[in-house]
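[1] next input, structure requested:
(one chain, ligands or ions: 1)
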Amino acid sequence: MSVPDWVPLREELRDEEPYGAPQLDVPVQLNTNENPYGPSAAAADDIAAAVRDVALGLNRYPDREATALREGLADYLGHGLTSTHVWAANGSNEVMQQVLQAFGGPGRTALSFAPTYSMYPEYARNTHTRWVAGRRRDDFGIDVDAALALIEAEQPDVVVLTSPNNPTGTALDPAHTRAVLETAPGVVVVDEAYAEFRRDGVLSALELLAEFPRLLVTRTMSKAFALAGGRLGYVAADPAIIDALRIVRLPYHLSAVSQATAVAALRHRDELLGQVDQLRRTRDETAAWLTEQGFEVAPSDANFVLFGRFDDRHAVWQGVLDRGVLIRETGPDGWLRVSIGTPAEMEAFKQALTEVASR
Ligand code: PMP
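    Alright, predicted model coming up:
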């Protein structure tokens, strides 16, 4: 894409591309880490009924504070949290943008550890926040001594840790999160978009909230919750941090339709989350199968697996796509990422990959 010269776009945006994975109409879509199991007809009916109720009042603005929804999310998270500890927005993308609007900005620095979610530098760019990326180790874990040294040197206003990390699937050792919290001078965001998929025994940063008031834990209903189309992300933090985020949010940012949809979805959480255990099993089976085939596989606590290495990963991505399976060309050079789908979708993926890149 090239923006014509007459469009008075900010100079530093002129060569930028809009972010996004290819949205292609192919039979097997394993590229954006969605839950492959949609809501049941009963859940969809309940969501539709809730939306119909609010539709009768759509001449009015929605609840600016999204109180009922925040209560529902706090109840879901547990850990003694209340609605005052929770904030919600249109996807955790919007939550993160609000975090950088509130805590980043001109003259301020945000820091993370690459390879990680590729939207973070874009939030930084959009909010004029300086972006610093440390490196992860070769096994995609965080070298805690190097991380602490970088934080000491850069004094970032915002540190973003991602656990499990996208695109590598790597969960963070809570001792490392704690060390970062003790060293970082500003806020520390732990992005737990994939938390529900983590393996047994892997702790959530929610455990640390009571101890560290500058900790923010972001979550989303887009992944395990099977509600990517609803656009609902949220964050748990100290009420004073939540109040700071409320300063930068747009008025009525979360529509009455979104709020009603998410509240109804929370009522059906047992069903919507009901396939998470099966997805975790399929994830482990997929990782084991890829290893058996001779690929390198990053251990994953998420609903996707990063595998490699390919001299020409684009050719492999294209070959798999030609067989009707869309995966993601992302992460470090030579690696590809596959989201975990239904068993039938994973069979199609294995078959396609075997044909394209058997070892
Ligand atoms: N964080 C991570 C690590 C992600 O992978 C994603 C989605 N790919 C998001 C946040 C954003 O998700 P959403 O805006 O749908 O909540």
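[2] from now on I want contacts and neighbour counts done on CA atoms only, so please keep to that.
    OK.
[3] show me where the stretch 201-350 of the chain has its strands.
    For the stretch 201-350 of the chain, the strands defined by DSSP state E, counting those that start in this stretch occupy 215-220, 233-236, 296-297, 304-308, 325-326, 336-339.
[4] which among these is found nearest to residue 2?
    The closest of those to residue 2 is strand 325-326. By C-alpha to C-alpha, the value is 26.3 Å.
[5] which neighbouring elements make contact with that closest one?
    Where contact means 3 or more C-alpha pairs under 8 Å, 6 or more residues apart in numbering; DSSP states H and E, strand 325-326 is packed against strand 28-29, helix 343-357.
[6] contact partners of it?
    Outside of strand 325-326, the residues within contact range by C-alpha atoms under 8 Å, 6 or more residues apart in numbering are 24, 26, 27, 28, 29, 30, 31, 317, 320, 348, 349, 352.
[7] quick check: mean pLDDT across it?
    The predicted model gives strand 325-326 an average pLDDT of 98.
[8] so which bits of the chain are right by the ligand?
    91, 92, 93, 117, 166, 191, 193, 220, 222, 228, 231, 233 (C-alpha under 6 Å from any ligand atom).
[9] name the nearest of those relative to residue 337.
    Of the residues of the chain next to the ligand, the one sitting nearest to residue 337 (C-alpha to C-alpha) turns out to be residue 166, at 9.5 Å.
[10] picking up where we left off before, now, among the contacts of strand 325-326, which is nearest to the ligand?
    Within those, proximity to the ligand (C-alpha to the nearest ligand atom) peaks at residue 31, which comes in at 9.5 Å.
[11] so the closest one makes contact with residue 338?
    Yes: under the criterion of C-alpha atoms under 8 Å, residue 31 makes contact with residue 338 at 6.2 Å.
[12] neighbour count winner among these two?
    Between residue 31 and residue 338, counting by other C-alpha atoms under 10 Å, residue 338 is the more crowded of the two (26 against 23).
[13] and the more buried one, how close does it get to the ligand?
    Distance of residue 338 to the ligand, given as C-alpha to the nearest ligand atom, to the nearest Å: 13 Å.
[14] then residue 242?
    Using C-alpha to the nearest ligand atom, we find residue 242 at a distance of 17 Å from the ligand.
[15] what residues are up against that residue?
    By C-alpha under 8 Å, 6+ apart, the contact set of residue 242 is 84, 85, 86, 87, 236.
[16] now those in CSV, with neighbour count?
    As requested, the contacts of residue 242 are exported to CSV (neighbours: other C-alpha atoms under 10 Å):
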residue, neighbour count
84, 19
85, 22
86, 27
87, 27
236, 27
